[in-house]
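Asker: quick one, fold the following:
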Amino acid sequence: MKKAILFLIGAMVAAAVSAQGPFKFAFISDTHIGSQTAEEDLDRTINSINGDGSIAFVVITGDITEFGSDEELQMAKRFFDKLNRPWYIIPGNHDAGWSESGSNSFKKIFGAETFQFIHNNYLFVGTASGPNMRMSPGQVPREQIVWLDSSLNDVNNTDRPIIYLNHYPQDSSLNNWYEVIDRLKTKNVQLILCGHGHANRRLNFEGIPAVMGRSNLRARNSVGAYNVVTIKDGVATFEEKNPLTNEQRQWTEVKLVKRDFAADTTKYFRPSYAINSLYPNVKLIWQYKDNSDIGSGASIGNDLIFATNTRGSLYALNKRSGKKIWEFTTGGKIYSTPAVAGDRIIISSTDNNIYCVDRRTGKQIWKFETLRPIVANPIVKDQMIFIGSSDGHFRAIDLARGQLKWDFDSVNNFVVTKPLFYGNKIIFGSWGTELYALNANSGNLEWKWNNGSTNRMFSPAACFPVATRNKIFIVAPDRYMTALDAENGNVLWRKQDPANRVRESMGLSRDSNLIYAKTMDGFVIGVSTTANEMQIVWKSETQLGYELAPTAIVENQRAVLIPSDKGIVTAVNRADGKVLWKYKISNSLVTTILPVSKTEVVVTTMDGKISLLRF
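Answerer: Predicted coordinates:
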């Protein structure tokens with residue numbers, strides 16, 4: 001009997017050693033399908049992997065496409081389906097930031113945005129990264145953090161080694177890197193793999209060894225490359241492989257060991273909220289925490305605050321308490337700020353539908369189906385809903401019955417912006433480089449304007465245009481401020497100021513005398529609406545640092561309220577731009593600032609927080 005027990009124990013030990021035996025996998029990143037040479041480079045890599053019988057599986061760490069379009073995603077899927085062994089994939093910022101489907105298509109086409117599997121006792125865990133649909137620093141979406149919690153909590157064996165994968169490095173290039181790092185440190189994490197930087201690099205994130213993989217693109221070389229990773233005897237060896245010659249060059253190796261993170265006394269950087277103690281004239285009244293991202297804005301109707309999330313829900317919160325009153329769920333992620341029209345709420349969803357919901361009960365009144373997902377924002381004017389889509393259409397829909405009034409079907413690429421109603425025209429941009437002006441009654445094209453660039457990254461798409469004195473004002477990723485004649489779209493003036501690099505975030509003063517525009521170095525300028533050129537009246541003292549948040553600037557009781565991509569709301573004086581107060585809500589993008597009274601604003605942030613501030 002004793003011999004049998006010893007034999008059994010020996011067999012179990014042998015099995016455990018065997019389970020952690022040597023294996024190889026391919027590590028691909030930043031394929032950027034849609035960019036020059038990307039298809040040929042990926043095809044070569046796949047042929048190379050298929051011809052190497054020693055590779056057990058493949059991991060792909062984001063930026064699969066150049067622009068996140070359905071066409072690019074489907075093309076990438078066709079390539080990866082040629083692999084003759086298992087492969088696991090996650091999206092990157094290029095797949096999420098400009099996605100016509102609001103990142104819905106990635107999940108539909110590839111089956112998931114996350115992965116988790118065990119190979120030879122190693123647990124591989126991969127999460128998606130944004131920013132989803134909004135320009136800002138990277139962020140692991142809130143719902144991915146919730147999923148990661150669940151995934152790590154399922155690890156019953158605390159000794160099981162973990163390899164974590166994300167597109168971004170787990171440092172301050174992600175707004176919420178610390179949320180991931182702190183969770184990983186509670187387990188036996190031994191290695192982090194990432195992409196994004198397009199180069200092979202050895203990294204370390206708070207004591208966790210990490211490796212950035214090169215882009216699969218050839219760039220300035222004649223051929224691209226990928227990494228082959230060998231895990232053997234507790235060491236991960238990285239070799240860059242040429243897919244044409246199949247030559248491999250070892251460039252680094254990492255020891256895979258269990259680390260005692262609890263014994264590490266190093267003070268690692270975490271975002272500070274000390275700024276909130278400097279301004280006693282503003283305070284937090286309540287805060288609601290969602291389990292998903294809030295990639296859109298909030299609206300108010302009587303005593304209710306309405307918001308949407310990337311779980312696909314519209315919900316109502318009590319204005320005074322922040323308590324949820326009701327919730328309405330759609331079949332896709334939502335990036336639509338609710339439009340309130342009396343007792344009706346209008347939203348769009350990436351499930352291809354526009355919904356009309358009862359304000360008091362959250363019950364559906366009607367829905368209108370389009371041809372593609374919708375990531376645009378609706379407005380309601382004179383009992384008509386005006387909204388763009390990702391199907392090349394811009395529509396006017398009757399509020400009462402949800403019936404189509406007119407359909408402009410010639411939009412180049414997709415619409416994400418909130419349209420402007422001005423002078424009986426509907427004005428909006430698209431990610432096809434165009435700004436359109438349609439007749440509000442008929443939907444006929446009055447005029448369209450292009451900034452002269454064919455690069456869709458410079459499109460006037462994420463900016464909410466403003467208008468006064470028969471002028472349309474926009475700022476765009478090309479870093480120009482432009483004033484157009486509202487009647488014909490002719491350029492009145494157009495300026496790119498190297499000292500004030502504006503980009504997408506703007507607003508109009510209550511008296512219509514100033515255009516507010518945020519610069520990329522974190523200042524705000526007040527620009528005259530009456531001058532015949534870009535005339536800066538004042539420049540704020542905000543000093544927010546490098547800034548990309550495209551969220552609109554608003555004015556409330558002569559306080560100009562400025563969003564940031566690091567969760568800070570700043571109020572400056574309307575007269576001279578001097579700072580009145582600052583309040584940090586989170587470390588993520590502020591997605592809307594909504595005045596709800598003379599002394600109160602509701603602020604939403606990308607990481608799922610809805611906050612009422614009183615000042």
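Asker: show me where the stretch 201-350 of the chain has its strands.
Answerer: Assigned by DSSP state E, counting those that start in this stretch, the stretch 201-350 of the chain shows strands spanning 201-205, 208-212, 226-232, 235-241, 248-255, 283-289, 299-301, 304-308, 313-318, 324-329, 339-341, 344-348.
Asker: and residue 605, how far from residue 418?
Answerer: 19 Å (Cβ to Cβ, to the nearest Å). In short, each C-beta sits where N, CA and C put it, glycine included.
Asker: neighbour-wise, which of the two wins?
Answerer: residue 605 (30 against 22; other Cβ atoms under 10 Å).
Asker: how is the chain divided into domains?
Answerer: Listed by automatic domain parsing, the domain ranges of the chain are 24-263, 336-415+417-461.
Asker: circling back to that earlier point, I'd like the strands of the stretch 201-350 of the chain as CSV, with mean neighbour count appended.
Answerer: Formatted as CSV, these follow (neighbours: other Cβ atoms under 10 Å):
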stretch, mean neighbour count
strand 201-205, 15
strand 208-212, 20
strand 226-232, 21
strand 235-241, 19
strand 248-255, 14
strand 283-289, 15
strand 299-301, 19
strand 304-308, 25
strand 313-318, 21
strand 324-329, 15
strand 339-341, 20
strand 344-348, 26
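Asker: please name whichever of those is nearest to residue 98.
Answerer: Nearest to residue 98, of all the strands of the stretch 201-350 of the chain, is strand 344-348, at 17.4 Å by Cβ to Cβ.
Asker: show me what the closest one is packed up against.
Answerer: Contacts defined by 3 or more Cβ pairs under 8 Å, 6 or more residues apart in numbering; DSSP states H and E place strand 344-348 against strand 339-341, strand 353-358, strand 384-388.
Asker: which of those strands is buried the deepest?
Answerer: Mean neighbour count (mean count of other Cβ atoms under 10 Å) peaks for strand 384-388 among the helices and strands packed on strand 344-348, with a mean of 25.
Asker: any idea of the mean pLDDT for the helix or strand just after that strand?
Answerer: Of the helices and strands lying after strand 384-388 in sequence (DSSP states H and E), the nearest is strand 394-398. Strand 394-398 shows an average pLDDT of 98 in the prediction.
Asker: show the pLDDT at residue 521.
Answerer: For residue 521, the predicted pLDDT is 89.
Asker: so what's the residue count around the nearest residue to it once chain neighbours are set aside?
Answerer: Computed as Cβ to Cβ, 6 or more residues apart in numbering, the closest residue to residue 521 that is not its neighbour in sequence is residue 546, at 6.3 Å. Neighbourhood size, residue 546 [other Cβ under 10 Å]: 11.
Asker: correct me, but residue 546 touches residue 522?
Answerer: Yes: using Cβ atoms under 8 Å, residue 546 makes contact with residue 522 at a distance of 6.6 Å.
Asker: give me the distance between residue 214 and residue 88.
Answerer: For residue 214, the distance to residue 88 equals 19 Å [Cβ to Cβ].
Asker: the more surrounded of the two?
Answerer: Neighbours of residue 214 and residue 88, each counted by other Cβ under 10 Å, are more numerous for residue 214; the result is 22 against 19.
Asker: ok, that one to residue 239 distance?
Answerer: Counting by Cβ to Cβ, the gap from residue 214 to residue 239 is 12 Å.
Asker: joint contacts of those two?
Answerer: Residues touching both residue 214 and residue 239 (Cβ atoms under 8 Å, 6 or more residues apart in numbering) are residue 227.
Asker: show me the shaky parts of this protein.
Answerer: 1-20, 133 (pLDDT under 70).
Asker: do that again at 50, thanks
Answerer: The model of the chain has pLDDT under 50 over residues 1-19.
Asker: measure the nearest residue to residue 71 once chain neighbours are set aside to residue 68 for me?
Answerer: Take residue 71 and drop its neighbours on the chain: the residue closest to it by Cβ to Cβ, 6+ apart is residue 34, 7.9 Å away. As for residue 34, its distance to residue 68 is 9 Å (criterion: Cβ to Cβ).
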